[in-house]
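Novice: Got a predicted structure here, sequence first:
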Amino acid sequence: MAGQLYVLSGPSGTGKSVIIRELRKKVAGLDYCVSHTTRKPRNNETNGADYHFVDMETFKAMIQRGDFIEWAQVYDDYYGTSVSELEGKIEQGHDVIMDIDVQGARNIRKRYRQSTLIYVLPPSMETLEKRLKERATDPQEVIKRRIEKALSEIGNCRWYDYIVFNEDLDAAVEEAKSIIVSKRCRTPSRLSMVEKRLGVKLTRNNFPGSK
């Protein structure tokens, strides 16, 4: 059975990467799809684990070859999700979680209709600005642009399946975890397990009123 796909989006500074890191510790069998990007790595990031960091020439060559399911330009940097990286994991039955922007999430939903989209928000814009400043990776001009972009994009949370406020990290992780657990327990995800564990072949005739 193919794996489930979970997408986290939200403004820069809302803690998406940290939430994903904690979820992978707490949720068994949850894999991470590593995106490609042309931006420079931050101090706490590792190539191949957080992102595949590539130069602009490599990224554009991948676009030309059709290597990306989705890609987008964010400010001066490019981000993309590799077809082989994602589909390989899903076809092997792995549940996969991703960190991509709104544009990328729209493209994922078109291709994977059963994907689960989660939008992560800060408790307030003041908190978001404070977190961006404390991260100390961007100059004030870039922080201002990120705040402006956040304000313009927050309305997109309306068409996501779930919204998680990251006021307290532990609480936010637990909310996201409950979404994944709930999706895994839905009947379509469990039918193959019923057949395998209980030795019952399930057909429509097993259900009252079925024809």
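Specialist: Sure thing, it's come through. Numbers count the residues shown, from 1 in each chain.

Novice: Scan the protein for its longest helix.
Specialist: Ranked by residue count under DSSP state H, the longest helix found in the chain is helix 169-185.

Novice: hey, C-alpha coordinates of it in PDB?
Specialist: Taking C-alpha atoms only, helix 169-185 is exported to PDB below (Å, rounded to 0.1, in the frame of the first residue of the first chain):
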ATOM      1  CA  LEU A 169       6.500  23.800  20.600                       C
ATOM      2  CA  ASP A 170       5.400  20.700  22.600                       C
ATOM      3  CA  ALA A 171       1.700  21.500  22.100                       C
ATOM      4  CA  ALA A 172       2.200  22.200  18.400                       C
ATOM      5  CA  VAL A 173       4.000  18.900  17.900                       C
ATOM      6  CA  GLU A 174       1.300  17.000  19.700                       C
ATOM      7  CA  GLU A 175      -1.400  18.600  17.600                       C
ATOM      8  CA  ALA A 176       0.500  17.700  14.400                       C
ATOM      9  CA  LYS A 177       1.100  14.200  15.700                       C
ATOM     10  CA  SER A 178      -2.700  13.800  16.400                       C
ATOM     11  CA  ILE A 179      -3.400  14.700  12.800                       C
ATOM     12  CA  ILE A 180      -1.100  12.000  11.500                       C
ATOM     13  CA  VAL A 181      -2.400   9.400  13.900                       C
ATOM     14  CA  SER A 182      -6.000  10.200  13.000                       C
ATOM     15  CA  LYS A 183      -5.300   9.900   9.300                       C
ATOM     16  CA  ARG A 184      -3.500   6.600   9.800                       C
ATOM     17  CA  CYS A 185      -6.500   5.200  11.700                       C
END
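
Novice: And it, what does it pack against?
Specialist: Packing partners of helix 169-185 (3 or more C-beta pairs under 8 Å, 6 or more residues apart in numbering; DSSP states H and E): strand 5-9, helix 16-26, strand 95-99, strand 116-121, strand 162-165. Every residue, glycine included, has its C-beta placed from N, CA and C.

Novice: now G13, what's its secondary structure?
Specialist: The local conformation at G13, judged by DSSP: H, G, I helix; E, B strand; the rest coil, is coil.
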